[in-house]
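Trainee: Sequence below, structure please.
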Amino acid sequence: MTKSANYEINHIDETIIITKKFYKAAGILNSPEYKELMAIRRDNPNYKILLREIKKKAGKKSYRNLTYDNMKTFITAWETDEETRKQRLAQMDTVMELSKVQAGPYAYVKTWFLDLYGEAYNKYNDDTAEQSESEAA
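Mentor: The predicted model follows:
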């Protein structure tokens, strides 16, 4: 399926694979997508309709909930020396200001943060996750 294609018909597996966007649009009665899907169904009545699965990169590290505020909170908690803490927070403010001219401002700040605190932040998250799992058991 090409990026611009809304659906793919697989005659070998007898499936119609549609994108999530096409699925939502086809849910509106008498929309062009609805009419198109109904025409496909008429031509292939026994085929199953499936949503296209997005290929996910194996081992990709996700930094869910890593907001600017959480970055600042982590720096404040992690840096024990008051002077270093102030310097890092001021540095982060500068990086945030510089990020405004970047194509991806958040990615720019996140990269800076992970270069400095990546290992410590990952270890903290792993420890927190293990603690939550043990409390749930």
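
Trainee: helix/strand/coil for residue 95?
Mentor: With DSSP: H, G, I helix; E, B strand; the rest coil as the basis, residue 95 sits in helix.

Trainee: Neighbours of the nearest residue to it once chain neighbours are set aside, how many?
Mentor: Closest residue to residue 95 in three dimensions, ignoring its sequence neighbours and counting by CB to CB, 6 or more residues apart in numbering: residue 112, at 4.8 Å. C-beta here means a position set from N, CA and C on the backbone, and glycine is covered the same way. Residue 112 sits with 18 neighbouring residues when counted by other CB atoms under 10 Å.

Trainee: One more: the one 5 residues further on?
Mentor: Under the neighbour criterion other CB under 10 Å, residue 117 is assigned a count of 17.

Trainee: Begin at 497, not 1, for the rest of this chat.
Mentor: With the count now opening at 497, the last piece we talked about shows up as residue 613.

Trainee: quick one: it and residue 570 touch, right?
Mentor: Yes: checked against CB atoms under 8 Å, the pair residue 613 and residue 570 is within contact range at 6.5 Å.
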